[in-house]
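S.K.: no sequence for this one, just the structure:
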């Protein structure tokens with residue numbers, strides 16, 4: 001099998017997953033989300049989509065010295081599964097009053113298209129809307145019975161840098177899920193030279209006129225309809241869906257699918273959802289809109305959702321201990337900050353507790369639900385301090401951290417008993433939800449303890465010196481600091497145990513920094529926490545200083561947890577990884593003793609149907625080496641040649657705009 005990828009370069013520059021769309025394709029495909037089930041057809045054309053240098057990428061993976069070489073990009077047009085049943089005339093969607101052939105407010109626009117689908121051509125009518133259209137939901141009749149693989153065709157280009165985003169659900173689903181494709185970013189130089197243009201020009205033009213074939217789900221479609229909604233809340237986005245493609249499953253494929261869903265051995269993955277981000281972008285105000293963040297993990301190898309409920313004591317639920325994030329804000333530095341604050345206010349006014357709602361829905365899917373607290377997000381510098389503003393923090397400047405030069409640092413020091421008492425109350429409040437676990441997230445928040453009065457007094461008592469008289473990395477000083485944070489961790493464990501009672505335990509986890517030195521400097525004594533049984537799970541992450549990236553020293557953490565009750569559950573961050581790194585990194589974590597993987601912000605990636613397929617593979621611990629050699633990551637697309645009466649594959653009038 002081949003390993004390919006397509007660089008769509010949209011959200012940011014660089015090579016990370018947040019800039020790419022992926023499709024996982026395996027032989028047989030059923031268990032791995034292939035472009036079609038048991039597809040036997042081979043590609044008929046291949047076009048390189050190498051990035052800015054203009055040099056063509058290899059169209060397939062090569063094996064060199066036993067290693068797979070991942071080319072940087074290919075476009076692949078394929079012959080679709082011969083069993084495919086197409087719904088290309090989306091004018092059949094209901095209600096008919098929601099559709100118009102003209103651009104109108106409150107209606108989807110119906111646009112005729114012609115496209116090259118493999119060696120053939122296909123005609124259809126796609127549904128389009130803009131970010132301000134306010135198009136209502138519509139239902140597409142499928143007229144199918146039994147189990148199918150369901151795909152949708154999403155147009156790639158709706159504006160420079162603008163993703164095509166729609167929401168999908170079957171009639172029987174409890175909520176929608178998002179589906180997006182990334183679109184072209186930047187101009188296309190030299191388009192006016194027509195089809196005789198250089199390869200890079202043709203590749204850029206081709207990306208503008210694709211319909212990407214995106215896997216949606218496997219489902220029994222008896223009495224079902226596909227419901228499509230525009231993304232109209234928060235930062236609304238344009239959308240365009242060109243077709244629905246159904247592939248009926250054979251009896252053996254259905255049985256294999258059901259067996260895979262019942263198999264628990266590969267459930268080693270967890271999604272860490274920062275929550276703030278989706279509230280910032282999508283402004284959820286209903287239970288169903290909260291469920292949308294969780295429903296993609298149904299029937300996958302993800303066994304847990306880690307849901308960030310508090311940043312410091314800035315809370316995204318109706319807290320009685322901390323500050324409801326943005327509750328008193330009147331002006332906002334970003335539009336998304338207003339959406340975040342309004343989302344909180346509206347949910348609370350409706351009597352909807354976002355944490356309780358997420359917990360109940362997650363458990364209803366048979367998954368664990370853990371609550372997370374970012375330990376030092378009490379405020380931010382202007383202009384963001386108008387939103388991220390803990391009342392307790394600003395009421396108690398005497399509890400802030402003090403650096404070696406005497407300057408006050410905008411962190412709440414864990415060395416003060418008053419700080420600890422306040423945060424222990426918050427942990428107790430979180431534990432009262434009876435989650436499966438509570439995680440304290442230390443990265444992107446340090447420092448937690450510096451040179452405050454309790455530290456100075458303890459250091460002088462033990463060593464007869466003022467702490468400012470020694471180097472800030474003096475092991476004696478680091479030990480004193482760490483003792484304060486470890487004391488807090490012991491107390492936090494006791495708080496959780498007092499709430500949980502004898503019926504069901506609440507696991508206590510921590511996410512820490514990337515290596516021993518960085519953790520020790522910032523008072524994190526992960527070794528003591530693991531060996532004493534203070535924590536049940538340790539998650540080393542690729543963070544070092546503040547937001548800087550670093551390789552996780554997994555061998556160190558493996559040695560640290562070996563022989564203890566503490567589970568090793570390292571963190572991966574998709575936006576910092578290239579495709580060629582993901583499976584080898586995951587294998588190295590498992591080899592060092594990891595029992596599960598926590599994927600940080602993977603919820604920002606599950607809306608991209610192609611990319612999402614890859615992030616579901618990593619629980620297959622015993623198969624990863626084989627998958628790394630065999631997995632085929634490539635883009636499956638059709639080439640649009642005409643929209644309404646306008647030719648777009650040569651001399652497109654879009655050049656004028």
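M.R.: Structure's in. What do you need? Every value quoted in this text rests on a predicted model; they were computed, and no experiment measured them.

S.K.: since we're on residue 143, how many residues are nearby?
M.R.: By other C-beta atoms under 10 Å, the residues close to residue 143 number 12. (Each C-beta comes from the backbone N, C-alpha and C, glycine too.)

S.K.: Look at residue 284 and tell me its secondary structure.
M.R.: In three-state terms, and counting by DSSP: H, G, I helix; E, B strand; the rest coil, residue 284 is coil.

S.K.: three-state assignment of residue 237?
M.R.: Going by three-state DSSP: residue 237 is coil.

S.K.: In contact with it, which residues?
M.R.: Contact analysis of residue 237 by C-beta atoms under 8 Å, 6 or more residues apart in numbering lists 131, 162-165, 180, 231.

S.K.: State the distance from the residue nearest to it when sequence neighbours are not counted to residue 231.
M.R.: Residue nearest to residue 237 in three dimensions, not counting chain neighbours: residue 165, with 4.2 Å by C-beta to C-beta, 6 or more residues apart in numbering. For residue 165, the distance to residue 231 equals 5 Å [C-beta to C-beta, to the nearest Å].

S.K.: Identify the contacts common to these two.
M.R.: What both residue 165 and residue 231 touch, as defined by C-beta under 8 Å, 6+ apart, is the set 178, 237, 239.

S.K.: Where does confidence bottom out across the residues you listed?
M.R.: Of all the shared contacts of residue 165 and residue 231, residue 237 carries the smallest pLDDT score, 92.

S.K.: For burial, what's the neighbour tally of the nearest residue to residue 352 once chain neighbours are set aside?
M.R.: Distances taken as C-beta to C-beta, 6+ apart put residue 287 closest to residue 352, at 6.0 Å, once the chain neighbours are dropped. For residue 287, the count of nearby residues is 19 (other C-beta under 10 Å).

S.K.: Quick check: residue 287 vs residue 444, distance?
M.R.: According to C-beta to C-beta, residue 287 and residue 444 sit 29 Å apart.

S.K.: what does residue 177 give?
M.R.: 28 Å.

S.K.: out of these two, which sits in the more crowded spot?
M.R.: residue 177 (21 against 17).

S.K.: how about residue 555, what does it touch?
M.R.: residue 592.

S.K.: thinking again about what came up before, residue 612: which of the shared contacts of residue 165 and residue 231 is nearest?
M.R.: Residue 612 lies nearest to residue 178 out of the shared contacts of residue 165 and residue 231, by C-beta to C-beta, at 10.2 Å.

S.K.: Beta-bridge partners for that closest one, please?
M.R.: On the basis of DSSP bridges, residue 178 is bridged to residue 167.

S.K.: Could you find the closest non-adjacent residue to residue 565?
M.R.: residue 533 (5.5 Å).

S.K.: hang on, the one you found packs against residue 564?
M.R.: Yes: here residue 533 reaches residue 564: they are 7.3 Å apart, a contact under C-beta atoms under 8 Å.

S.K.: Among the two, which residue is more densely surrounded?
M.R.: Legend: neighbour count by other C-beta under 10 Å for residue 533 and residue 564, higher for residue 564 (17 against 12).

S.K.: Confirm the more buried one sits in a strand?
M.R.: No: counting by three-state DSSP, one finds residue 564 to be coil, located in no strand.

S.K.: before we move on, back to that, the contacts of residue 237 in helices, which ones?
M.R.: Taking DSSP state H, every one of the contacts of residue 237 sits outside helices.

S.K.: I only care about the residues you listed that end up buried; give me the PyMOL line for that.
M.R.: Buried members of these, defined by 16 or more other C-beta atoms under 10 Å, are picked up in PyMOL with:
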select buried, resi 131+162+163+164+165+180+231
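
S.K.: Would you point out the most distant pair within the contacts of residue 237?
M.R.: Between any two of the contacts of residue 237, the greatest separation by C-beta to C-beta is 13.3 Å, found for 131 and 180.

S.K.: how close does the closest residue to residue 637 other than its chain neighbours sit to residue 438?
M.R.: Once flanking residues are discounted, residue 637 sits nearest to residue 210: 4.2 Å by C-beta to C-beta, 6+ apart. Note on residue 210: its distance to residue 438, by C-beta to C-beta, is 45 Å.

S.K.: just checking, residue 390 touches residue 319?
M.R.: No: using C-beta under 8 Å, residue 390 is not in contact with residue 319, being 10.9 Å away.

S.K.: quick one: what helix or strand has residue 355 in it?
M.R.: Using DSSP states H and E, the element containing residue 355 is helix 354-364.

S.K.: Which strands or helices does that helix pack on?
M.R.: Using 3 or more C-beta pairs under 8 Å, 6 or more residues apart in numbering; DSSP states H and E as the contact criterion, the elements in contact with helix 354-364 are helix 287-291, strand 302-311, strand 368-374.

S.K.: got a markdown table for the ones you listed, with distance to residue 380 too?
M.R.: Converted to a markdown table, the helices and strands packed on helix 354-364 look like this (distance: least, C-beta to C-beta, whole Å):
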| stretch | distance to residue 380 |
| --- | --- |
| helix 287-291 | 25 |
| strand 302-311 | 10 |
| strand 368-374 | 12 |
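
S.K.: among the ones you listed, which is the most enclosed?
M.R.: strand 302-311 (a mean of 25; mean count of other C-beta atoms under 10 Å).

S.K.: Can you give the strand pairings for it, parallel or anti for each?
M.R.: strand 269-273 (parallel), strand 314-315 (antiparallel), strand 368-374 (parallel).

S.K.: ok, residues contacting the very next helix or strand once past the second one?
M.R.: Using DSSP H and E, the helix or strand that follows strand 314-315 in sequence is strand 323-324. Applying C-beta under 8 Å, 6+ apart, the external contacts of strand 323-324 come out as 313-315, 317-318, 344, 348, 389-392.

S.K.: hmm, 7 Å instead?
M.R.: Applying C-beta atoms under 7 Å, 6 or more residues apart in numbering, the contact partners of strand 323-324 are 313-315, 318, 344, 390-391.

S.K.: Max pairwise distance over those residues: which two?
M.R.: Spatial extent of those (C-beta to C-beta) is set by the pair 318 and 390 at 16.0 Å.

S.K.: more neighbours, those two?
M.R.: residue 390 (22 against 16).

S.K.: Spatially nearest residue to that one, not counting backbone neighbours?
M.R.: Computed as C-beta to C-beta, 6+ apart, the closest residue to residue 390 that is not its neighbour in sequence is residue 378, at 4.1 Å.

S.K.: What is the burial count for the one you found?
M.R.: Using other C-beta under 10 Å: residue 378 sits among 25 other residues.

S.K.: a markdown table for the helices and strands packed on helix 354-364, including mean pLDDT?
M.R.: Shown next, in a markdown table, are those (pLDDT from 0 to 100):
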| stretch | mean pLDDT |
| --- | --- |
| helix 287-291 | 98 |
| strand 302-311 | 98 |
| strand 368-374 | 98 |
